[in-house]
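Asks: predicted model and sequence below, questions to follow.
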Number of protein chains: 2
Amino acid sequence: MATIYDVSVLAGVSLATVSRVMNKNTKVSEKTENKVLDAMKQLDYRPNAIAQSLASSRSNSIGVLVSELHGPFYGAMMSGIEAELRTAKKHVIIAAGHSDEESEKEGIEFLIDRRCDALILHVEAVSDEYLIELSQGSTPIVLINRYIAELKDSCIYLDNQLGGYLATKAMIESGHTALAYISGPFWKVDTQARLAGYKQALAESGLEFDPSLVYEGDYLETGGSRGFQALMKAERSFTALVCANDEMAAGAMDAARQLNVEIPSQVSIVGFDNIILANYIYPKLSTINYPIAEMGHMAARWVLRNTYKNKSLSIKNMFNPALILRDSISSL
Amino acid sequence: MATIYDVSVLAGVSLATVSRVMNKNTKVSEKTENKVLDAMKQLDYRPNAIAQSLASSRSNSIGVLVSELHGPFYGAMMSGIEAELRTAKKHVIIAAGHSDEESEKEGIEFLIDRRCDALILHVEAVSDEYLIELSQGSTPIVLINRYIAELKDSCIYLDNQLGGYLATKAMIESGHTALAYISGPFWKVDTQARLAGYKQALAESGLEFDPSLVYEGDYLETGGSRGFQALMKAERSFTALVCANDEMAAGAMDAARQLNVEIPSQVSIVGFDNIILANYIYPKLSTINYPIAEMGHMAARWVLRNTYKNKSLSIKNMFNPALILRDSISSL
DNA sequence: TTGTAAGCGTTATCAG
DNA sequence: CTGATAACGCTTACAA
């Protein structure tokens, strides 16, 4: 591969001049510029991004850490980020954290070692303290779906508790008083917030919170199925089921069908996230909208504004969940 | 951030020695090694991956190009690749090609400029010639879901025609003789192969191919819905619908519901890909299994074997589609 | 086993 | 406006 040196020789100028025409930061006479451009074309020259990063200590690439590379939620998030950054000619380096502390740290270190100009993180397992310390470092970080008071300006988050509240409230307003809940893993922060919203809505309506009506799932279809089966076997019956995400809701609906319980006439279901799937299962799933693609865009804009100094961009940190009514809830 | 130089000073050894203990390729006395290790720990030293790449001209990272960062198909593919590479301590840099020639080339160049040790490509818009030329370059490439005779050893592909054939055959064997088809964009190679399989099955059973029964979709739910509506309006009626992927099948089922046509009693439907969704829509979608996660693993193993010289790994280039019977096909 | 020094391909600072 | 030249942080012959 041709290097900047080859170009300079062929163009009959110095290294520095070639560098200048690439970076357009210093004036170069038109004549020289053309000579250089020609030489580049002839040699099919492509700058070595690695060497550029080393010399300039900026890589024009942003590190993104997601829990998984698959799944509708992370997919939408990555797409949102990439779309925004692409317009600014910045690139994305993605790593997976697998909701595991070691992996998340490893992923973050990989991205930092790669000299990413900034990091967009969707992390679940690392502690607030770790993140606060990380933010002292030289690589700027943005957090998605996590709120840490000390870092609030670099958090792009959803009011998860409000979401849980809205979902539950929708059931209560439809006349339900026996509401089961399929939760995500209890240790996750967003799980806790959503569950808190459920409790809040119950309390507000004078309904008692019954731990035997909540099942700890895994945010996957299988967890939803198992949860539904478990809940049906338990002594307390219910007419409404709120699920901490759509995938578990889909799993629960599947299990319901197998147990011959009809949705929504016998059990109403509401999900959370509003993934595309929610609109294509039957009956169409009522859910809480989580504007994750939009939030991905916003996180990217944060980077554009703060790291690349594009001050014309405005940032919104908190996003609101909203109830989306479809066909999986019936009135009692 | 501490550099190798800081470490060498603190440990009282030379740069080279520090480098040696990092790379474990030359013998270093235990005593020196410990001094160095201590110094590293004290300084919280992390090697600069960029500098390493520049000096060694290998980056330990593999570039992956997918059409989109979202979507169940690409999600599964990226996950498969990442999982395999992670075990070998290699990392992944992902770019999106958006099924557009310019974007795909841009993405590939980005990855090459980043000095990826190898590229795993799921490309649709670039020509065979481009890829053949690319493969002459110094960065090894593997192709997923694409077969190019000249590059066959580095292709990990599915027999798409066989898949289309199997899907169609399943309908015919269930007694259907009027089969509609919702296709992907005609310009895509896999689209053509799947459609060819459909034609092949028809021909084999003496059924005439009727172009008015095929609709050109976009591989998205919306395309499936629109396709179903269009097909229903056309003069020729049909009792079976084969869709070139599951997402369009889901869209078609949704449209069917709105038009009050019952699945599968009035119209049988079969999809393609076997994405998770297929198992959670109602009725459960019969489809063609596309082992994309497995193929992602295999592509990664190809890299491990060929680029990183792990010869103990064996490679399988062609994968077979298989019919998965669920509830969306009824016998006539 | 260890040190010296020449790169790797750019950027960026200084002179001119 | 252009050219030398010193970094950037690390690897890797070549010597010792």
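Replies: Happy to help now that I have it. In this text the structure is predicted, and so the values were computed from the model without any measurement.

Asks: so where does the residue of chain A with the smallest separation from DNA strand D fall, helix or strand?
Replies: Per CB to the nearest atom of the strand, the residue of chain A with the smallest distance to DNA strand D is A:K27, at 2.5 Å. (Glycine included, C-beta is placed from N, CA and C.) Using DSSP states H and E, A:K27 maps to neither a helix nor a strand.

Asks: now the one 4 residues further on
Replies: Under DSSP H and E, the secondary-structure element containing A:K31 is helix A:30-43.

Asks: off-centre distance for that helix?
Replies: Counting by CA atoms, centre = their mean, to the nearest Å, helix A:30-43 is centred 43 Å from the centre of its parent chain.

Asks: how about the helices in the stretch 201-332 of chain A?
Replies: Applying DSSP state H, counting those that start in this stretch to the stretch 201-332 of chain A gives helices spanning A:221-233, A:246-258, A:292-306.

Asks: which residues touch A:V189?
Replies: By CB atoms under 8 Å, 6 or more residues apart in numbering or on different chains, A:V189 lies in contact with A:E124, A:R146.

Asks: relative to A:E262, how far out is it?
Replies: Between A:V189 and A:E262 the computed distance is 35 Å (CB to CB, to the nearest Å).

Asks: again, but for A:L179
Replies: 18 Å.

Asks: what about these two, which has more around it?
Replies: Neighbour tally, A:L179 and A:E262, criterion other CB atoms under 10 Å in any protein chain shown: the higher count belongs to A:L179, 25 against 12.

Asks: these two touch, right, A:F272 and A:A193?
Replies: No: using CB atoms under 8 Å, A:F272 is not in contact with A:A193, being 11.0 Å away.

Asks: ok, A:D100 - how many residues close by?
Replies: 15.

Asks: give me the nearest residue to it, chain neighbours excluded.
Replies: Leaving aside its sequence neighbours, A:D100 sits nearest to A:A125 (CB to CB, 6 or more residues apart in numbering or on different chains; 5.6 Å).

Asks: tell me the domain boundaries of chain A?
Replies: Recorded structural domains for chain A (assignment: automatic domain parsing) are A:4-47, A:59-158+A:292-320, A:160-290.

Asks: shaky segments in the stretch 51-200 of chain A?
Replies: Nowhere does the stretch 51-200 of chain A drop to pLDDT under 70.

Asks: who in it is up against DNA strand D?
Replies: A:A51, A:L54, A:A55, A:S57 (CB under 7 Å from any atom of the strand).

Asks: one more time with 6 Å, if that's ok
Replies: A:L54, A:A55 (CB under 6 Å from any atom of the strand).

Asks: tell me where the stretch 51-200 of chain A has helices.
Replies: Taking DSSP H, counting those that start in this stretch to define them, one finds helices in the stretch 51-200 of chain A at A:72-87, A:101-113, A:128-136, A:160-173, A:189-204.

Asks: local confidence estimate at the closest residue to A:L325 other than its chain neighbours?
Replies: Spatial nearest neighbour of A:L325, excluding adjacent residues (CB to CB, 6+ apart): A:S286 at 5.2 Å. A:S286 carries a pLDDT score of 98 in this model.

Asks: which strand residues bridge A:S286?
Replies: A:S286 has the following beta-bridge partners by DSSP bridges: A:V270.

Asks: thought it was touching A:A170?
Replies: Yes: if you go by CB under 8 Å, A:S286 and A:A170 touch, sitting 7.0 Å apart.

Asks: overlap of the contact sets of those two?
Replies: Both A:S286 and A:A170 are contacted by A:V270, A:L323, A:L325, A:I329, under the criterion CB under 8 Å, 6+ apart.

Asks: tell me which residues touch the residue nearest to A:L325, please.
Replies: Listed by CB under 8 Å, 6+ apart, the contact set of A:S286 reads A:A170, A:I269, A:V270, A:G271, A:L323, A:I324, A:L325, A:R326, A:D327, A:S328, A:I329.

Asks: report pLDDT for A:M1.
Replies: 86.

Asks: what number of residues lie near it?
Replies: 14.

Asks: how near is it to B:S57?
Replies: Taking CB to CB, one finds A:M1 at 10 Å from B:S57.

Asks: repeat that for A:S79.
Replies: From A:S79 over to B:S57 the distance is 32 Å, taken as CB to CB.

Asks: what does A:E247 give?
Replies: 43 Å.

Asks: and the two? Which one has more around it.
Replies: Using other CB under 10 Å as the criterion, A:E247 and B:S57 rank with A:E247 on top: 28 against 12.

Asks: so what's the more buried one closest to, chain neighbours aside?
Replies: Closest to A:E247 by CB to CB, 6+ apart is A:E221, at 5.2 Å.

Asks: hang on, the earlier thing: which helices and strands does the helix holding A:K31 pack with?
Replies: helix A:4-11, helix A:15-23 (3 or more CB pairs under 8 Å, 6 or more residues apart in numbering or on different chains; DSSP states H and E).

Asks: and chain A, which residues reach DNA strand C?
Replies: A:3-5, A:15-16, A:19, A:22-23, A:47-48, A:51-52, A:54-56.

Asks: let's go with 10 Å and repeat that
Replies: A:1-8, A:14-23, A:25-26, A:45-58 (CB under 10 Å from any atom of the strand).

Asks: quick check, pLDDT for A:E235.
Replies: For A:E235, pLDDT reads 89.

Asks: next, the contact list for the spatially closest residue to A:A88 that is not a sequence neighbour, please.
Replies: Counting by CB to CB, 6+ apart, A:L304 is the residue found nearest to A:A88 once chain neighbours are left out, at 5.5 Å. Listed by CB under 8 Å, 6+ apart, the contact set of A:L304 reads A:E84, A:L85, A:A88, A:K90, A:N310, A:L313.

Asks: do A:N320 as well
Replies: By CB under 8 Å, 6+ apart, the contact set of A:N320 is A:L158, A:D159, A:L162.

Asks: do A:A88 as well
Replies: Counting by CB under 8 Å, 6+ apart, A:A88 makes contact with A:L304, A:Y308, A:N310.

Asks: is it true that A:E84 touches A:A293?
Replies: No: with contacts defined as CB under 8 Å, A:E84 does not count as touching A:A293, sitting 9.9 Å away.

Asks: please identify which of the two sits among more neighbours.
Replies: Applying other CB under 10 Å to A:E84 and A:A293 shows that A:E84 carries more neighbours, namely 23 against 19.

Asks: show the end-to-end separation of stretch A:313-323, please.
Replies: End-to-end distance of stretch A:313-323 (CA to CA, to the nearest Å): 29 Å.

Asks: ok, for the residue nearest to the spatial centre of chain A, nearest residue in space, not its chain neighbours?
Replies: With distances taken as CA atoms, centre = their mean, chain A has A:M77 as the residue nearest its mean C-alpha position (4.4 Å). For A:M77, ignoring the flanking residues on the chain, the nearest one in space by CB to CB, 6+ apart is A:G296 at 4.4 Å.

Asks: ok, now how distant is the one you found from A:V214?
Replies: A:G296 sits 30 Å away from A:V214, taking CB to CB as the criterion.
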